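Undergrad: next one to model:
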Amino acid sequence: MNKLEIFANEQLGECPHQFNVGDTIRVHNKIKEGSRERIQLFEGTVIARHNGGVGATFTVRRVAYGVGVEKTFPLHSPNVAKVEVIRHGKVRRAKLYYLRDRVGKSSKVKELIEK
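TA: Numbers count the residues shown, from 1 in each chain. The predicted model follows:
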């Protein structure tokens, strides 16, 4: 292993976030404003997840006041304080980019009910 891989593995640590594409999640994101720090919530459906070690990201989409908003969060960032899974979605795709074109009830993902 070279020094870059050793450094990346140290930063990686354990990932406490257990969610998949299609899940509805609530992301607790740390926002720094001057010397103050606060936590802002962003709730929506996970439409994509990009694995890649330290650079892994996930994209969350929500519709706010009739406008679709997407945010991409780094998975291993210290600014992502917590990720809560609200419900698990039943999907058959790895990326849900088709939800961008949907409006109303057709933009919802069915809930996965496990026995």
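
Undergrad: only C-alpha atoms for contact and neighbour calcs from this point on.
TA: Fine.

Undergrad: for this protein, give me the ranges with low pLDDT.
TA: Across the chain, the ranges flagged by pLDDT under 70 are 13-16, 115.

Undergrad: nearest residue to the middle of this protein?
TA: Nearest residue to the geometric centre of the chain (Cα atoms, centre = their mean): residue 58, 4.2 Å.

Undergrad: which helix or strand contains that residue?
TA: strand 57-64 (DSSP states H and E).

Undergrad: give me the helices and strands touching the next helix or strand after that strand, please.
TA: Once the chain leaves strand 57-64, the next helix or strand it forms, by DSSP H and E, is strand 67-74. Using 3 or more Cα pairs under 8 Å, 6 or more residues apart in numbering; DSSP states H and E as the contact definition, the elements that strand 67-74 packs against are strand 57-64.

Undergrad: residues touching the strand holding residue 58, excluding its own?
TA: Outside of strand 57-64, the residues within contact range by Cα atoms under 8 Å, 6 or more residues apart in numbering are 43-51, 68-75.

Undergrad: strands paired with it, and their directions?
TA: If you go by DSSP bridges, strand 57-64 pairs up with strand 36-50 (antiparallel), strand 67-74 (antiparallel).

Undergrad: just give me how far the first one sits from the chain centre.
TA: It refers to strand 36-50. 6 Å (Cα atoms, centre = their mean, to the nearest Å).

Undergrad: kindly format the C-alpha coordinates of that strand as CSV.
TA: Presented in CSV, the C-alpha positions along strand 36-50 are these (Å, rounded to 0.1, in the frame of the first residue of the first chain):
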residue,chain,number,x,y,z
ARG,A,36,-21.8,29.4,15.1
GLU,A,37,-22.7,25.9,14.0
ARG,A,38,-26.2,24.5,13.5
ILE,A,39,-27.8,21.4,12.1
GLN,A,40,-30.1,21.6,9.1
LEU,A,41,-32.4,18.8,8.1
PHE,A,42,-33.0,17.6,4.5
GLU,A,43,-35.6,14.9,4.0
GLY,A,44,-36.2,13.1,0.7
THR,A,45,-35.7,10.0,-1.5
VAL,A,46,-32.3,8.6,-2.2
ILE,A,47,-32.1,8.6,-6.1
ALA,A,48,-28.4,7.7,-6.4
ARG,A,49,-25.5,6.3,-4.5
HIS,A,50,-21.9,6.5,-5.8
